[in-house]
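> just a sequence and a predicted model for now, questions to come.
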Amino acid sequence: MLSYSIGLSGLNAAQRALELIGTNIANATTEGYHRQQLDLAPVDYTSLGAKTSGGVSVTGIRRLVDNMLEVEITRQQSNLSQSSQELNTLQAIEASLGDLGSSSIGYSLTQFLASMQELTGQPDSLPLRQQMVDAADSLCSQLRSFSEFLTSVQQQVYGQAQEAVSEVNTLSARVAELNTQIMEAKDRGGFPSMLEDNRQQAINDIAELLGIETNTKSAADGAVNVIAQNSPLVMGATAATLAIGITSADTIGLSVNDAGNYQTDWSGGKLGALLRLRNEIIPAIQAQFDSLAQQVMSAVNQIHVQGVGASGSFDSLTGVTCPDGLLSTWATGVSDGEINIRITDSVGGLTRQKVAVNTKVDTLESIAGKIDALTGVSASVVNGALRIQSDSGCTFDFLPEVLKTPDLSGITGSAGPTVSGAYDGKTNDKFVFTVKGSGEVGIDDSLHLEVRNLAGELVESFNIGEGYAAGDKLELPNGIKVSLTAGQLNDGDTFSVEGLANTDTSGFLATAGINTFFVGDSARNISVATRILTDPNKIACSAASSGKDNLNIVKISGMIDKPLEALGNNTLANYFTQIIVGVGQSVADRQARQESTQDVMQNLQQQQNSISGVDINEEAANLMIYQRMYQGMAKFISTQDQTLKYLMDIL
């Protein structure tokens, strides 16, 4: 009977081999399939004290796989998925910006700067004023539109992240289920190669969504654990559940089993990319455009506040809605300093009055109270906005124009000074004029006028004795001019002149929206002030009370086209160019990273294919071998049967 056993064992082995070859060929193009191989061993029996071959047994079915190679493929799959997702989103952002030559934001910025430059030549031209307003409005619209686009992208990213988390949870449950089935199959002595392939495919699918690590629970039971960011996603037959949420810092994060502690440092895969896009990359681009918008507003508003439009000084001004609380808590920059307000009374008398600003003490209401206490104006807070109103017959402004008549309390003689000109210094200063010598102006040779700044440094010394004609203007290097009437001056007589480069060193007026060109605090809400949109004549081109000169618009134009410290010493145009180049560089970096990872993946997959892939020709050759084996075993059994029948006939 042993001969029959040999034949039957051979038939069984050949049949199992043929089935396995058929399975390999059928799955030659199936993603994630690993070629299977039948393990055979000879069957021994003892006869007359010696070991003799007694057929063949199937000892197992091997899944041809290199586990270290599979781990590396899983890791690189996460890297590729992350770089691809970041690349796709950044390419969409880059496309919305356009190139340097045709970008709508860049074009609008250029047009705005050009329109301002044109207006400096004809500040009284209403068409040129309207042109500047239109260009500014277009720039604001483009900045708001792009900011809305970035917000929309962030929302889409969050939605994609929610979907990806749901997929991870489904796949983790699938891996845990397959772990259970594999362990049960091995307990029964089975060879669950197809289940292991399905599990590996599910693990690879998780890796596309999130960076993971895997480890075999034990060689005996065959379960695989899946770890992400040091947190277990799958432990044997148990799967954790990921949850996504928004943190107190307005970032998105993940937590395991809905713990509520959302961590933002998950990396790898689509989810790693989406978290980085939502939490870092897009906010960084938004911050750059916010900086651009803020510096456009700041460069224009800080100077615009100090000028007047075609109608001259103001009867009333109303700002924008401001935050409650101390000025130190306001998001935009208000610092300690002082506000200088020029007030013209009903008979033409002119005074410059000051309001001190202390951010640690003052609020919008307290500043309104300080302004209200000045002579000639009143102030109040209406619906969260500062309103300044002149008294009947009075006007006010914030012009840096020097006062024509300085304080004469230090003059003991009969001659008097008159001040004119426009101060062109870079910082606020005070200039003290001291008479050296005594005598008649324009007559006594020893008479001089010494000028020192607030730091006590000598600025200029003028001869006002013999050779000086009373009434002639003496010009300082900073643009201030002084003339003296005829009369007596005594040694030590003094008067002072204030030179203001900035009439609001606190920045409060610009932040509160008083006489500003722009309103808003970021690219999200930048706009041209309504009072200027409706009346371009309110553009503060003038730095003189007449409202007819171009000094202020020239100053604004010079400021907006010069390097700004807040932008890394770049001009506005150059800073925008840097943003575009930066986004383009980010795209190029991700593209290079993607291509590099794709090359690595291709190499790894080639190695995987050489080990685990199905070669049709090789399988066909094996098919013929086992077909012949089957035929041979069938012939062997038939021969044994005929021999036994012949023997029985003899008996």
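Noted; the coordinates are in hand.
> how about the nearest residue to Ala259 once chain neighbours are set aside, phi and psi?
Residue nearest to Ala259 in three dimensions, not counting chain neighbours: Ala243, with 7.8 Å by C-beta to C-beta, 6 or more residues apart in numbering. Where C-beta positions appear, they are placed from N, C-alpha and C, glycine not excepted. With angles defined as degrees, to the nearest 10, Ala243 sits at phi -130, psi 150.
> show me where pLDDT drops low in the stretch 51-200 of the chain?
Applying pLDDT under 70 to the stretch 51-200 of the chain flags residues 51-53, 98-103.
> what about the helices in it?
Along the stretch 51-200 of the chain, the stretches classed as helices by DSSP state H, counting those that start in this stretch are 67-97, 104-121, 126-187, 193-209.
> ok, the chain next?
Here the chain has its helices, by DSSP state H, at 2-26, 67-97, 104-121, 126-187, 193-209, 269-276, 282-304, 364-372, 508-512, 530-534, 551-560, 572-612, 616-650.
> okay if I get the ones you listed as a markdown table plus mean neighbour count and distance to Lys430?
Formatted as a markdown table, those follow (neighbours: other C-beta atoms under 10 Å; distance: least, C-beta to C-beta, whole Å):
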| stretch | mean neighbour count | distance to Lys430 |
| --- | --- | --- |
| helix 2-26 | 17 | 94 |
| helix 67-97 | 19 | 48 |
| helix 104-121 | 19 | 29 |
| helix 126-187 | 18 | 35 |
| helix 193-209 | 22 | 67 |
| helix 269-276 | 26 | 53 |
| helix 282-304 | 20 | 21 |
| helix 364-372 | 18 | 22 |
| helix 508-512 | 27 | 21 |
| helix 530-534 | 15 | 33 |
| helix 551-560 | 20 | 21 |
| helix 572-612 | 15 | 33 |
| helix 616-650 | 13 | 94 |
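> quickly list what the residue nearest to Ala259 is bridged to.
Ser255 (DSSP bridges).
> buried residues in the longest strand belonging to the chain, which are they?
For the chain, the strand with the greatest residue count under DSSP state E is strand 50-63. For strand 50-63, burial by neighbour count (16 or more other C-beta atoms under 10 Å) applies to Gly54, Gly55, Val56, Val58, Ile61, Arg63.
> now it and helix 2-26, what's the angle there?
Using axes from the mean of the first three to the mean of the last three C-alpha atoms, to 10 degrees, the direction of strand 50-63 lies 20 degrees away from that of helix 2-26.
> within its sheet, name the partner strands of strand 50-63 and how each one runs.
Taking DSSP bridges as the criterion, strand 50-63 sits next to strand 36-47 (antiparallel) in its sheet.
> what distance do you get for the closest residue to Glu466 other than its chain neighbours to Gly487?
Among residues not flanking Glu466 along the chain, Asp445 sits closest, at 4.4 Å (C-beta to C-beta, 6+ apart). Distance, Asp445 to Gly487, using C-beta to C-beta, to the nearest Å: 17 Å.
> neighbour-wise, which of those two wins?
A count of neighbours by other C-beta atoms under 10 Å puts Gly487 above the other of Asp445 and Gly487, at 14 against 11.
> what pLDDT is listed against that one?
Here, the pLDDT recorded for Gly487 equals 94.
> correct me if wrong: it contacts Thr412.
No. In this structure, Gly487 is not within contact of Thr412 by C-beta atoms under 8 Å, at 11.2 Å.
> relative orientation of the longest strand of the chain and helix 572-612 in degrees?
Going by the same axes, to 10 degrees, strand 50-63 makes 160 degrees with helix 572-612.
> got the contact list for strand 50-63?
With C-beta atoms under 8 Å, 6 or more residues apart in numbering as the test, strand 50-63 has contacts from 2, 5-10, 12-13, 16, 20, 34-46, 191, 193, 196-197.
> surely Gly513 meets Gly319?
Yes. Contact criterion C-beta under 8 Å: Gly513 and Gly319 qualify, at 3.7 Å.
> list residues touching both of the two?
Ala385, Leu386.
> about what we covered before: would JSON lines of the helices of the chain with distance to Asp258 be doable?
As requested, these are exported to JSON lines (distance: least, C-beta to C-beta, whole Å):
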{"stretch": "helix 2-26", "distance to Asp258": "41"}
{"stretch": "helix 67-97", "distance to Asp258": "24"}
{"stretch": "helix 104-121", "distance to Asp258": "42"}
{"stretch": "helix 126-187", "distance to Asp258": "11"}
{"stretch": "helix 193-209", "distance to Asp258": "18"}
{"stretch": "helix 269-276", "distance to Asp258": "16"}
{"stretch": "helix 282-304", "distance to Asp258": "26"}
{"stretch": "helix 364-372", "distance to Asp258": "43"}
{"stretch": "helix 508-512", "distance to Asp258": "43"}
{"stretch": "helix 530-534", "distance to Asp258": "48"}
{"stretch": "helix 551-560", "distance to Asp258": "51"}
{"stretch": "helix 572-612", "distance to Asp258": "32"}
{"stretch": "helix 616-650", "distance to Asp258": "48"}
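> out of those, flag the one nearest Asp424.
helix 551-560 (8.9 Å; C-beta to C-beta).
> average pLDDT for the closest one?
On average, helix 551-560 scores 89.
> now do that helix: which elements does it pack against?
Using 3 or more C-beta pairs under 8 Å, 6 or more residues apart in numbering; DSSP states H and E as the contact test, the elements touching helix 551-560 are helix 104-121, helix 282-304.
> just want the angle from it to helix 104-121.
150 degrees.
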